[in-house]
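**Student:** Provide a 3D model corresponding to the input given below.
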Amino acid sequence: MAHRVIISGGGTGGHIFPAIAIANALKNLSPDIEILFVGANGKMEMERVPAAGYEIVGLDIVGINRQSLLKNISLPFKMLKSLWKARKVLKEFKAEAAIGVGGYASGPLLMMANMMGLPTVIQEQNSFAGVTNKKLGAKAKKICVAYEGMERFFPADRVLLTGNPIRKSSVAIEGKREEAIHAFGLDLDKKTLLVTGGSLGALTLNDSIKAGLEKLVAAGIQVIWQCGSYYYEKLNAELADHLPESIKLMPFLERMDYAYAAADVIVARAGAGTISELCVVGKPVVLVPSPNVADDHQTKNANALVEKDAALMVKDNVAREELVPTVLALFQDESKQKELGEHILKLALADADEVIAQEVLSIIENRK
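**Tutor:** Next up, the predicted model:
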């Protein structure tokens with residue numbers, strides 16, 4: 001009989017891409033497996049998951065609103081409603097295991113799976129575990145982590161260092177530099193900086209590059225600048241008339257593999273998924289952690305690399321003044337570029353999706 005697995009979570013691409021990667025790996029290992037996703041209504045997984053070919057059910061769950069405490073009054077009711085719906089979904093689907101990848105829906109679904117005695121697996125993406133995952137980890141069969149030292153949050157005998165599942169197509173850069181440079185209309189003989197703030201963009205990165213644009217142009221650096229669809233129109237209107245050919249401003253990047261292949265140096269936020277891709281890409285990186293995330297986990301993610309001489313970090317509050325000078329200094333220092341590239345590559349774990357999928361299947365088999 002076909003195995004039946006539920007994958008829960010989402011909210012951002014950083015949660016959704018790994019979830020889909022795990023689902024695809026489960027399908028490869030067990031082609032007749034049945035997979036159901038559980039997400040949060042109104043969040044991006046409700047569109048992205050069906051687009052990847054999987055069925056998804058939505059829970060009416062939201063996070064704590066830190067700006068307006070009044071808006072949290074309905075939270076306990078939404079939680080109870082979500083727990084009840086999670087129980088119904090688990091029973092009707094006849095799930096044999098549940099995987100949580102983080103995001104609002106993960107909490108109630110895994111909580112209910114634990115209460116029903118179903119085996120659960122947590123995929124903890126960050127170097128610092130959040131409150132919900134720490135609680136869920138007490139009953140999980142396995143906690144698949146991307147960083148060393150996670151025993152400080154979870155039972156040591158159940159922690160498995162797997163890395164974060166990544167989009168393999170995004171990091172397949174071997175031998176693509178020349179076609180990538182041509183695809184962006186850039187110069188093969190010039191050094192290239194890639195700036196990426198994720199699909200939504202990052203205001204600090206955009207402001208920092210805008211402030212240092214003349215210095216980058218004067219230094220002969222060409223830039224692939226992914227500013228995010230939210231910021232693109234305003235930035236394009238401000239800069240269109242005086243953007244040289246060497247600066248490619250775009251809302252998002254369809255071909256991340258081309259962007260990574262073209263880059264000599266990369267500037268990025270420090271989300272778990274981004275860092276996992278950057279480790280496999282193996283290029284020198286300057287990280288600017290977002291301060292607007294729970295537990296400041298992006299700074300902790302970045303520090304885990306900085307401590308191993310695998311990345312440079314510029315704090316968000318000084319990036320407007322310091323980011324471009326840091327980048328220019330790195331372009332001047334080829335030995336530092338080489339060192340950062342070699343060290344970040346050592347942290348790469350490219351087959352996380354397969355390792356996690358194998359673990360889930362063996363947990364189901366051992367239960368029988």
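**Student:** ok now stretch 236-251, how far from the chain's centre?
**Tutor:** The chain centre lies 27 Å from the centre of stretch 236-251; the measure is CA atoms, centre = their mean, to the nearest Å.
**Student:** Show me where the stretch 101-250 of the chain has its helices.
**Tutor:** Shown for the stretch 101-250 of the chain, the helices assigned by DSSP state H, counting those that start in this stretch span residues 106-115, 131-137, 168-171, 177-183, 203-211, 213-218, 229-239.
**Student:** out of those helices, deepest packed?
**Tutor:** helix 106-115 (a mean of 25; mean count of other CB atoms under 10 Å). (Each C-beta comes from the backbone N, C-alpha and C, glycine too.)
**Student:** which residues touch it?
**Tutor:** Here helix 106-115 makes contact (CB atoms under 8 Å, 6 or more residues apart in numbering) with 6, 8-9, 38, 59, 61, 79, 82-83, 85-87, 89-90, 95, 98, 100, 119-120, 122, 132-133, 136, 139-140.
**Student:** mean confidence for that helix?
**Tutor:** For helix 106-115, the mean pLDDT works out to 94.
**Student:** could you redo the helices of the stretch 101-250 of the chain as a markdown table and give each row distance to Leu323?
**Tutor:** Shown next, in a markdown table, are the helices of the stretch 101-250 of the chain (distance: least, CB to CB, whole Å):
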| stretch | distance to Leu323 |
| --- | --- |
| helix 106-115 | 33 |
| helix 131-137 | 31 |
| helix 168-171 | 23 |
| helix 177-183 | 24 |
| helix 203-211 | 4 |
| helix 213-218 | 11 |
| helix 229-239 | 16 |
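**Student:** quick one: the residue nearest to Arg48 when sequence neighbours are not counted from Lys346, how far?
**Tutor:** Spatial nearest neighbour of Arg48, excluding adjacent residues (CB to CB, 6 or more residues apart in numbering): Ile16 at 5.0 Å. Using CB to CB, to the nearest Å, one gets 28 Å for the distance from Ile16 to Lys346.
**Student:** Of these two, which one has the most company?
**Tutor:** Using other CB atoms under 10 Å as the criterion, Ile16 and Lys346 rank with Ile16 on top: 24 against 10.
**Student:** wait, isn't that one in contact with Glu45?
**Tutor:** Yes: in terms of CB atoms under 8 Å, Ile16 counts as a neighbour of Glu45; the distance is 5.1 Å.
**Student:** Show me what Val223 is bridged to.
**Tutor:** Leu193, Ile247 (DSSP bridges).
**Student:** need the contact list for it.
**Tutor:** 192-195, 209, 216, 246-248.
**Student:** Look at Arg48 and give its secondary structure.
**Tutor:** Secondary structure for Arg48, judged by DSSP: H, G, I helix; E, B strand; the rest coil, is helix.
**Student:** Which single one of the contacts of Val223 is nearest to Lys283?
**Tutor:** Leu194 (8.3 Å; CB to CB).
**Student:** Grab the nearest non-local neighbour of the closest one.
**Tutor:** Here the residue nearest Leu194, using CB to CB, 6+ apart, is Ala263, at 3.7 Å.
**Student:** what ranges do the strands span in the protein?
**Tutor:** Remark: strands assigned in the chain by DSSP state E are 4-8, 34-40, 55-59, 97-100, 120-124, 142-145, 159-161, 192-196, 222-226, 247-250, 265-268, 285-287, 312-313.
**Student:** Would you convert those strands into a markdown table that also reports distance to Gln337?
**Tutor:** Converted to a markdown table, the strands of the chain look like this (distance: least, CB to CB, whole Å):
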| stretch | distance to Gln337 |
| --- | --- |
| strand 4-8 | 38 |
| strand 34-40 | 40 |
| strand 55-59 | 42 |
| strand 97-100 | 38 |
| strand 120-124 | 31 |
| strand 142-145 | 29 |
| strand 159-161 | 28 |
| strand 192-196 | 12 |
| strand 222-226 | 16 |
| strand 247-250 | 21 |
| strand 265-268 | 7 |
| strand 285-287 | 10 |
| strand 312-313 | 10 |
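**Student:** Turn the ones you listed into JSON lines, columns for mean pLDDT and distance to Arg152.
**Tutor:** Listed next are these as JSON lines, based on pLDDT from 0 to 100; distance: least, CB to CB, whole Å:
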{"stretch": "strand 4-8", "mean pLDDT": "97", "distance to Arg152": "25"}
{"stretch": "strand 34-40", "mean pLDDT": "95", "distance to Arg152": "28"}
{"stretch": "strand 55-59", "mean pLDDT": "93", "distance to Arg152": "30"}
{"stretch": "strand 97-100", "mean pLDDT": "96", "distance to Arg152": "20"}
{"stretch": "strand 120-124", "mean pLDDT": "95", "distance to Arg152": "12"}
{"stretch": "strand 142-145", "mean pLDDT": "96", "distance to Arg152": "11"}
{"stretch": "strand 159-161", "mean pLDDT": "96", "distance to Arg152": "10"}
{"stretch": "strand 192-196", "mean pLDDT": "97", "distance to Arg152": "31"}
{"stretch": "strand 222-226", "mean pLDDT": "97", "distance to Arg152": "35"}
{"stretch": "strand 247-250", "mean pLDDT": "95", "distance to Arg152": "40"}
{"stretch": "strand 265-268", "mean pLDDT": "98", "distance to Arg152": "26"}
{"stretch": "strand 285-287", "mean pLDDT": "98", "distance to Arg152": "22"}
{"stretch": "strand 312-313", "mean pLDDT": "98", "distance to Arg152": "22"}
